[in-house]
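Novice: Got a predicted structure here, sequence first:
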Amino acid sequence: MGALVGKRIVLGVSGGIAAYKAIEICRRLVDAGAHVVPVLTKGAEHFVGRTTFSALASEPVQSSLWDEAEPIPHTRLGQSADLVLVAPATARLIGAYTAGISSDLLTATLLATRAKVLVCPAMHTEMWEHPAVQENLATLRRRGVEVVAPESGRLAGGDIGHGRLAAPETIVAAVERALVEPDLRGRTVVVTAGGTREPIDAVRVIANRSSGKQGYAVAAEAAARGARVVLVSTVTLPVPPGEVRVVPVETAADMQAAVQAEALGADIVVMAAAVADFRPVAPAAGKIKKDGGVPEIRLEPTPDILAGLGANKPAGQVLVGFAAETSDLHANASSKLERKRLDLIVANDVSQPGVGFHHDTNAVTIVRRVGDPISVGLRGKREVAKAVLDAAVALLAPRQ
Ligand code: CTP
């Protein structure tokens, strides 16, 4: 989550039952490298303790315009913030902010800031649907404030309905999107993820160890940078937030059909999937039974999807392959780059500890047509995805 590193985020918490979820949001933001300054309203302190936030955030809690160490804390808080996040935002807080009433430190900070503001409403359904709240939110949106819509679910007092605070991961992803440079806005990125499964019979398949995590990380990073993402996937991991359309596939042939169709209008295609190189020539329609003896399974090569894309690449498209190697990393990757007519190839030595299949980390070398290889040491797959997309974006022609 590189976008949050070193960013100063004022986390405003107002007094609703969902205030307890702000603790989790605070922790996630800090974990992602942000400098989090918690500002609680008096109401929030009825629901959550100052100590919890002070311990988890980057600075102690502030909640008053008057008894803090400095005389006018809101101007410094507002001016120095990269982003102000209000989670949860009660109807009162939304109303005061819309009307420009700076009755406490949080509303004063909201009025004193020129930074991007994200408001995450949470309240009972009746309040959420009240025209006063909806009109206030429409006004805030018009002024450039981003409203992270609440969800449906269990509310305080056991009621079920609309108005529940958005999930912490949704809110953190919205913060990240707001802070990231949207260098892929208006672009389409096609990503493949996971290992293909080639049927032997009605119940058995030839599979491989790919988890799909690296492909999903590329999709998540591209979406966070504003791209429309098409994720052609053989696995069912949580769909990354943003504009991501998943096309589920199973075999190399399915993947080829989907990728060929989707790649036509794409600016960047990233083949992170582990495509089976061989498949049974004639999969049995039913289950192969043991009493027929040990079967001989004849294999044939699958289509090389990436080589097909390279041969028919539209002008201006950036084509990225992956290469899982166990020896001669650089030489093997460079020869694949040439053979498949790629712009970039991301090579990983899967014999190294912590690298490749099933790990949450990866270490890669990005080999380019022009320029030295870029070496990315062992780190999270999202960080690797960022480096891959940085290299791809550098090759995109500027928009007309
Ligand atoms: N790939 C593909 N279609 C295939 C096999 C691989 O599109 N039938 C893609 C993979 O998604 C990856 C790249 O080609 O982006 C390299 O895959 P890899 O298996 O490392 O290379 P191969 O071409 O299969 O070569 P080898 O197995 O001999 O190393």
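Specialist: That came through, no problem.

Novice: of all the residues in the stretch 151-300 of the chain, which ones are close to the ligand?
Specialist: Taking CB under 6 Å from any ligand atom as the contact definition, the stretch 151-300 of the chain meets the ligand at 252, 271, 273, 275, 277. Where you see a C-beta, it was placed from the backbone N, CA and C, and this is true even at glycine.

Novice: So what does residue 70 look like in phi/psi?
Specialist: According to degrees, to the nearest 10, the main-chain angles of residue 70 amount to phi -100, psi 150.

Novice: So what's the residue count around it?
Specialist: For residue 70, the count of nearby residues is 10 (other CB atoms under 10 Å).

Novice: pretty sure it contacts residue 76?
Specialist: Yes: contact criterion CB atoms under 8 Å: residue 70 and residue 76 qualify, at 6.7 Å.

Novice: hang on, isn't residue 78 packed against residue 107?
Specialist: No: look at residue 78 against residue 107 with CB under 8 Å: they stay out of range, at 10.7 Å.

Novice: what about those two, which has more around it?
Specialist: For residue 78 versus residue 107, neighbours defined as other CB under 10 Å are more numerous around residue 107 (25 against 19).

Novice: what about the longest helix in this structure?
Specialist: helix 381-395 (DSSP state H).

Novice: Show the average pLDDT along that helix.
Specialist: Averaged over helix 381-395, pLDDT sits at 95.

Novice: quick one: residue 221 is in a helix?
Specialist: Yes: secondary structure of residue 221 (DSSP: H, G, I helix; E, B strand; the rest coil): part of a helix.

Novice: contacting residues around it?
Specialist: Residues near residue 221 by CB atoms under 8 Å, 6 or more residues apart in numbering: 382, 385, 386, 389.

Novice: again, only this time at 6 Å
Specialist: Counting by CB atoms under 6 Å, 6 or more residues apart in numbering, residue 221 touches 385, 386, 389.

Novice: Pull out the buried residues from the longest helix of the chain.
Specialist: 381-393, 395 (16 or more other CB atoms under 10 Å).

Novice: same deal with stretch 362-375?
Specialist: By 16+ other CB under 10 Å, the buried positions in stretch 362-375 come out as 362, 363, 364, 365, 366, 367, 368, 373, 374.

Novice: neighbours around the closest residue to the ligand within the stretch 101-250 of the chain, how many?
Specialist: Relative to the ligand, the nearest point of the stretch 101-250 of the chain is residue 192 (6.3 Å; CB to the nearest ligand atom). When counting by other CB under 10 Å, one arrives at 32 neighbours for residue 192.
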